[in-house]
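Build me a model from this:
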Amino acid sequence: MKKNNKTPKLRFSGYTDDWEQRKVGDNIVEYTEKTTINNQYPVLTSSRRGIFFQTDYYNGNQIASTDNTGYNIVPYGYFTYRHMSDDEIFHFNINDITENGIVSTLYPVFTTDENLDSRYLQYQLNYGKEFAKYAILQKQGGSRTYMYLNKLKELRLTIPNSVEEQKKISVYFMKLDHLITLHQRKLEKLQNMKKSCLQKMFPKDGATVPEIRFSEVQGDWEERTLGSCFDERLESLPDGELLSVTIGSGIKKFSELDRHDNSNTDKSKYKRVCIGDIAYNSMRMWQGASGRSPYEGIVSPAYTVVKPIGDIDTQFFAYMFKKKEIIHLFEINSQGLTSDTWNLKYPAFSKIVVRVPRNVEEQSRIARFLLELDELISCTEQEIEITKRMKKGCLQKMFV
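The predicted model follows:
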């Protein structure tokens, strides 16, 4: 493989010739057909997520023409984009969902000829360095950047001579995008499943048993005060590892978070947290800032740390504390005049009444089930991140 500025760093085998510079205008054809009938075709919009339906048909407020010329028609397989941007980022998308759609006249419409693969052009415009540099140059004062089609036609891109090579590149990235979409759909289903389980595996208001339950367990859940389940831990551990309580991810080691350390140098008053304790931000408990600690460490004196009394599963309670109904209990029991000053200290926390299984084994089974769901969610999030990083690396190496 040649190593110069006319070939990419990463290339499909069998291709060795230099890429060539072309004006975009040499290989694109503008489409100018319009309609004044605003309910003739579905409305489309061009965005970061691609072209999609805003509504089945024009309803009077989804799209507007700036003059009396009507609306641009976008045939299947044709490009469109909004010719103005509040930054230098434009999003070029292809209509691949309907035979014809309409867009505002602010959106130019065009297609490519037989010497340029349309999907390849889409990826190079959306992710290539050449267009990004060109777009920056178009911002000549003012708060917006304009990229009229005539200006876009003047852009020079370095592209493969072979349409076959162009198509291989575009198909590769289409497969990566499809894989990312599949992972994202899986993640959404898992997140919805967890949300549903949090609602159905705990009793609703007024009920004594949950809607969904493991088949072999029986008996009503009992009402207990949190003070009968937890006592406050007031120990210090000056040399302990600093922990952080997050709303979305529970308790994390502070060293693993990308945060500025505002903690005091003198940590003699910091509170000890043992494995299995629940720590919460006293001023953010009503927002869900709590979690069961998998670590030994310390938290700020402004936090509250509670330790289990007797035989209970603290992970079960950690999940319970994320339910919106329980968070509402934390909110109404917090003291303070405004949300900025609401504070839930242990004495108020201890008086809150919740309903829990009498059998700790049922508590543990619910906790284990939800933990497994969380692990699946975490693995799927990692798969998405890995695939996105792969795409980013390939975008940097597969274009000149």
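
all helices in the stretch 251-400 of the chain, in order from the N-terminus.
314-320, 324-333, 346-350, 360-397 (DSSP state H, counting those that start in this stretch).

now swap in the stretch 51-200 of the chain and tell me
118-127, 129-137, 149-153, 163-200.

Let's test this: mean pLDDT of the longest one, rounded?
Just to be clear, that refers to helix 163-200. For helix 163-200, the mean per-residue pLDDT is 96.

That one: which residues count as buried?
Using 16 or more other Cβ atoms under 10 Å as the test for burial, helix 163-200 gives 165-166, 168-170, 173, 176, 180, 183, 186-187, 190, 194, 197-198. C-betas here are computed from N, CA, C, even on glycine.

Give the residue spans of the protein that score low on pLDDT.
Within the chain, the segments meeting pLDDT under 70 span 1-5, 46-69, 140-141.

repeat that with 50
1-3, 57-61, 66 (pLDDT under 50).

quick one, which of the helices of the stretch 251-400 of the chain is nearest to residue 93?
helix 360-397 (16.9 Å; Cβ to Cβ).

orientation of the closest one relative to helix 118-127 in degrees?
100 degrees (axes from the mean of the first three to the mean of the last three Cα atoms, to 10 degrees).

Helix 360-397 versus helix 163-200: what angle between them?
Going by the same axes, to 10 degrees, helix 360-397 makes 160 degrees with helix 163-200.

Buried residues, helix 360-397. List them.
Result for helix 360-397 [16+ other Cβ under 10 Å]: buried residues 362-363, 365-367, 369-370, 373, 377, 380, 383-384, 387, 391, 394-395.

Closest one of the residues you listed to residue 255?
Of all the buried residues of helix 360-397, residue 377 has the smallest distance to residue 255: 23.5 Å, by Cβ to Cβ.

how far away is the closest one from residue 383?
11 Å (Cβ to Cβ, to the nearest Å).

Likewise for residue 242?
31 Å.

now do residue 138
37 Å.

Next: residue 270.
Taking Cβ to Cβ, one finds residue 270 at 37 Å from residue 383.

Now the phi/psi pair for residue 309, please.
phi -110, psi 120 (degrees, to the nearest 10).

tell me the SS of the closest residue in space to it that isn't next to it in sequence?
Nearest residue to residue 309, sequence neighbours excluded (Cβ to Cβ, 6 or more residues apart in numbering): residue 231, at 5.5 Å. Assigned by DSSP: H, G, I helix; E, B strand; the rest coil, the conformation of residue 231 is strand.

Could you tell me how many residues sit around residue 231?
Using other Cβ atoms under 10 Å, residue 231 is surrounded by 13 other residues.

What of residue 76?
Neighbours of residue 76 (other Cβ under 10 Å): 12.

these two touch, right, it and residue 111?
No: in terms of Cβ atoms under 8 Å, residue 76 does not count as a neighbour of residue 111; the distance is 10.2 Å.

just to revisit the earlier point, in a markdown table: the helices of the stretch 51-200 of the chain, plus distance to residue 258.
A markdown table is the format used below for the helices of the stretch 51-200 of the chain (distance: least, Cβ to Cβ, whole Å):
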| stretch | distance to residue 258 |
| --- | --- |
| helix 118-127 | 25 |
| helix 129-137 | 26 |
| helix 149-153 | 38 |
| helix 163-200 | 22 |
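
And the contacts of stretch 117-134?
24, 27-28, 77, 79, 88, 90-94, 111-112, 155-159, 163, 166-167, 169-171, 173-174, 395, 399-400 (Cβ atoms under 8 Å, 6 or more residues apart in numbering).

So which bits of it are buried?
117-128, 130-131, 134.

What of stretch 239-251?
240, 243-246, 250-251.

picking up where we left off before, as CSV, the helices of the stretch 251-400 of the chain with distance to residue 37 would be great.
CSV is the format used below for the helices of the stretch 251-400 of the chain (distance: least, Cβ to Cβ, whole Å):
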stretch, distance to residue 37
helix 314-320, 55
helix 324-333, 47
helix 346-350, 63
helix 360-397, 40
